[in-house]
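Trainee: okay, predicted coordinates and the sequence, questions at the end:
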Amino acid sequence: MKFGGTSVDGAARLAAAARVVVSRRTERPVVVTSAMAGVTNALEALLSLSRRADRAGVDARLEELRARHLAVAAELAPGDAALAARLEERLRDLRVLLRGVRLVGALTPAASDAVLGHGELLAQELFAAAMAAADGPAEVVDARRVVATDGRHGAAVADQTETAARAATLVAPLAEAGVVPILAGYVGGGPDGAPTTLGRGGSDLSASIIGLALGARRIEIWTDVDGILSADPRVVPAARLLERATFREAAELAGFGAKVLHPASIDPAVEGGIEVVVRNSLRPERPGTVIGPSGQGDGGARAVASRSGLELLALRAPGAMRDATFGAEAFRRLGDEGLAPLAVAVGPLGFEFLLPEGEAAGRAARAIAAWGRVDRLPKLALVALVGEGLAAAPELWRAALDACGPIRPLRIAQGPRGASLLFVARDEDAAPLTRLLHAALLEGRP
Ligand code: ADP
Ligand code: ASP
Ligand code: MG
């Protein structure tokens with residue numbers, strides 16, 4: 001059972017989360033917790049203040065974090081000196097790490113990861129306190145010793161075999177003995193034991209890595225909305241709940257920007273054939289969205305997602321399509337910059353790659369310019385209409401194109417196996433296009 005930032009934000013929310021866990025005790029739950037809402041962002045801010053040697057700024061922000069966590073602790077467990085001491089110890093470690101960044105005046109990926117994981121390391125103590133207050137036996141287990149990763153800072157990949165072995169000794173026996181293990185999400189340990197993170201939003205991924213490692217029956221993602229909706233409710237207020245979604249639909253939505261799930265979080269579930277349920281911790285009586293091998297089964301489109309901050313690299317290189325080595329070389333150059341394209345187009349006159357905007361894309365543009373002229377189209381977004389049924393319903397492609405109305409997508413494509421229709425649009429058109437597609441294909445029955 002993974003609880004997101006809003007679900008653990010403050011004593012009342014933590015108490016509610018603990019009640020949900022306790023009510024499921026006979027199912028031997030394991031808890032994965034995020035940092036309290038906004039804390040990882042605050043840690044990012046602390047990193048940049050430290051690098052700029054802004055001591056007053058660091059002290060003020062650190063004190064805010066300290067006061068916030070101690071206040072929650074005092075509310076959950078008044079007079080619990082041991083809990084306060086554990087929090088203070090984490091905060092001391094954090095202060096030392098930040099001082100290191102300030103003295104060196106530079107930010108290494110290792111130092112960054114060590115700092116960023118502290119939100120979860122603090123939250124796990126608060127979650128354990130909430131469990132104790134709800135009469136639920138629980139124990140914190142250090143996720144950095146359980147989730148074994150390849151050590152790639154900021155985007156670590158789990159070694160599932162090693163993690164399973166560790167979970168079998170460090171996590172499973174507790175659960176079997178009726179004690180709820182509480183693990184920090186987002187963090188793991190590299191081959192040398194150094195703390196790594198799984199990338200922003202990575203607590204969802206922690207839940208599925210740990211779920212697969214334990215052979216869990218179900219992975220539950222407890223968040224601040226009723227489940228997977230037909231669009232981001234902040235963009236489309238009329239978005240509706242999906243009662244069921246297929247693994248592929250959920251993976252495509254997450255990969256194409258639906259923040260409710262980390263893009264990689266469905267993979268371990270697919271590997272283990274484990275059902276994922278997305279539920280609302282603020283309304284635990286609601287059933288949520290069940291993600292599994294089969295979906296709602298009525299065909300058609302299911303949801304729209306979007307990702308902004310992208311750019312298109314358009315390479316004009318006649319003949320590249322016929323050159324069997326070009327594709328491999330081009331992908332290697334992108335890979336050298338840590339870039340994986342979100343979409344690719346190939347034709348007799350050249351290639352196009354849709355990439356996250358930034359300096360890396362600029363370097364990649366220079367690298368592939370060896371083959372021909374490269375144009376960079378910045379400030380783009382990808383809007384994805386997703387649904388298993390799309391592949392077999394060309395009438396819906398037409399409806400989707402018609403729905404664009406006054407908005408002219410720059411490119412249109414289908415995702416693998418036809419389960420998504422992709423529109424590359426200007427960044428500022430992403431939200432209006434999302435609303436148009438939603439209105440035409442997901443409200444009522446086209
Ligand atoms: P948590 O802290 O629980 O991990 P997140 O903020 O990471 O929560 O994800 C939940 C948020 O994802 C929702 O509040 C919602 O704004 C956003 N979201 C984007 N797309 C969707 C979608 N299709 N369905 C549900 N929520 C979505
Ligand atoms: N706290 C981390 C983040 O904000 C991980 C997570 O919440 O999933 O990115
Ligand atoms: Mg999240």
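Mentor: Nice, thanks for sending it over. Ligands and ions are numbered 1, 2, ... in the order given.

Trainee: identify the residues contacting the nearest residue to Val147 once chain neighbours are set aside.
Mentor: On the basis of CB to CB, 6 or more residues apart in numbering, the spatially nearest residue to Val147 that is not a chain neighbour turns out to be Gly188, at 3.4 Å. Where C-beta positions appear, they are placed from N, C-alpha and C, glycine not excepted. With contact taken as CB atoms under 8 Å, 6 or more residues apart in numbering, Gly188 is in contact with 143-144, 146-149, 156, 158, 195-198, 206.

Trainee: recalculate using a threshold of 10 Å.
Mentor: By CB atoms under 10 Å, 6 or more residues apart in numbering, the residues touching Gly188 are 113, 117, 143-151, 156-159, 163, 194-198, 202, 205-206, 209.

Trainee: which of those residues fall in helices?
Mentor: With helices identified by DSSP state H, the entries of the contacts of Gly188 that belong to them are 113, 143-146, 163, 205-206, 209.

Trainee: relative to Ala403, which of the residues you listed is nearest.
Mentor: Leu205 (33.0 Å; CB to CB).

Trainee: so which of the ones in helices among the contacts of Gly188 wins on neighbours?
Mentor: Ile209 (33 neighbours; other CB atoms under 10 Å).

Trainee: now that residue: how far from Ile274?
Mentor: Spatial separation of Ile209 from Ile274 under the definition CB to CB, to the nearest Å is 11 Å.

Trainee: hey, what's in contact with both of the two?
Mentor: Jointly contacting Ile209 and Ile274 under the rule CB under 10 Å, 6+ apart are 219, 268.

Trainee: how about stretch 283-293: buried residues?
Mentor: Applying a neighbour-count criterion of 16 or more other CB atoms under 10 Å, the buried positions in stretch 283-293 are 288-292.

Trainee: and the nearest residue in space to Ala430 that is not next to it in sequence, bridged to which residues?
Mentor: Distance criterion CB to CB, 6+ apart; nearest residue to Ala430, sequence neighbours excluded, is Ala381 at 3.6 Å. Beta-bridge pairing of Ala381 under DSSP bridges involves Ala425.

Trainee: ok, Ala381 - how many residues close by?
Mentor: 23.

Trainee: on the pLDDT front, check it for me.
Mentor: In the prediction, the pLDDT value recorded for Ala381 is 98.

Trainee: if we can go back for a sec, now, which of the contacts of Gly188 lie close to ligand 2?
Mentor: When CB under 6 Å from any ligand atom is applied, the members of those adjacent to ligand 2 are Gly202.

Trainee: for my notes, confirm the residue nearest to Val147 occurs in a strand.
Mentor: Yes - assigned with DSSP: H, G, I helix; E, B strand; the rest coil, Gly188 falls within a strand.

Trainee: wait, what's in contact with Gly292?
Mentor: With the criterion set at CB under 10 Å, 6+ apart, Gly292 makes contact with 218, 244-247, 250, 269-270, 273-277.

Trainee: from Gly327, how far out is it?
Mentor: Here the distance between Gly292 and Gly327 works out to 35 Å (CB to CB).

Trainee: which pLDDT value goes with Gly299?
Mentor: We have a pLDDT of 75 for Gly299.

Trainee: where does it fall, phi/psi-wise?
Mentor: Gly299 adopts backbone torsions of phi 70, psi -170, taken as degrees, to the nearest 10.

Trainee: ditto for Gly10
Mentor: Reported as degrees, to the nearest 10, the phi and psi values for Gly10 are phi 110, psi 160.

Trainee: pull the contacting residues for the closest residue to it other than its chain neighbours.
Mentor: In this structure, Gly10 finds its nearest non-sequential neighbour in Val72, 6.0 Å apart by CB to CB, 6+ apart. When contacts are counted by CB under 10 Å, 6+ apart, Val72 is found next to 8-14, 36, 87, 122-123, 125-126, 129-130.

Trainee: which pair in the residues you listed has the greatest spatial separation?
Mentor: Across the contacts of Val72 (CB to CB), the longest gap, 18.5 Å, separates Ala12 and Leu87.

Trainee: so for these two, which sits in the more crowded spot?
Mentor: Set side by side, Ala12 and Leu87 give different neighbour counts by other CB under 10 Å, the larger being at Leu87 (20 against 12).

Trainee: would you double-check that that one falls in a helix?
Mentor: Yes - counting by three-state DSSP, Leu87 is located in a helix.

Trainee: now it. Nearest residue, chain neighbours left out?
Mentor: Using CB to CB, 6+ apart, the nearest residue to Leu87 is His69, at 5.4 Å.

Trainee: name the element the one you found belongs to?
Mentor: Of the helices and strands defined by DSSP states H and E, His69 is found in helix 55-76.

Trainee: relative to Pro263, how far out is the closest residue to Glu275 other than its chain neighbours?
Mentor: Counting by CB to CB, 6+ apart, the nearest residue to Glu275 once its immediate chain neighbours are dropped is Gly292, at 4.6 Å. With the distance defined as CB to CB, Gly292 ends up 19 Å from Pro263.

Trainee: Ala81 too?
Mentor: Distance of Ala81 to Pro263, given as CB to CB: 42 Å.

Trainee: which of those two has more neighbours?
Mentor: For Ala81 and Pro263, the more surrounded residue by other CB under 10 Å is Pro263, and the numbers stand at 21 against 8.

Trainee: OK, contacts around that one?
Mentor: 199, 201-202, 204-205, 251-257, 307.

Trainee: what helix or strand is the residue most central in space within the chain on?
Mentor: In the chain, the C-alpha nearest the mean C-alpha coordinate belongs to His262, at 2.5 Å (CA atoms, centre = their mean). When elements are assigned from DSSP H and E, His262 belongs to no helix and no strand.

Trainee: hmm, it is touching Ser208, no?
Mentor: Yes - because the distance of 8.5 Å satisfies CB atoms under 10 Å, His262 is recorded as touching Ser208.

Trainee: hey, what's in contact with both of these two?
Mentor: Each of Ile221 lies in contact with both His262 and Ser208 under the rule CB under 10 Å, 6+ apart.

Trainee: need the pLDDT of the residue of the chain found nearest ligand 1.
Mentor: Of all residues in the chain, the one sitting closest to ligand 1 is Gly4 (1.8 Å; CB to the nearest ligand atom). We have a pLDDT of 98 for Gly4.
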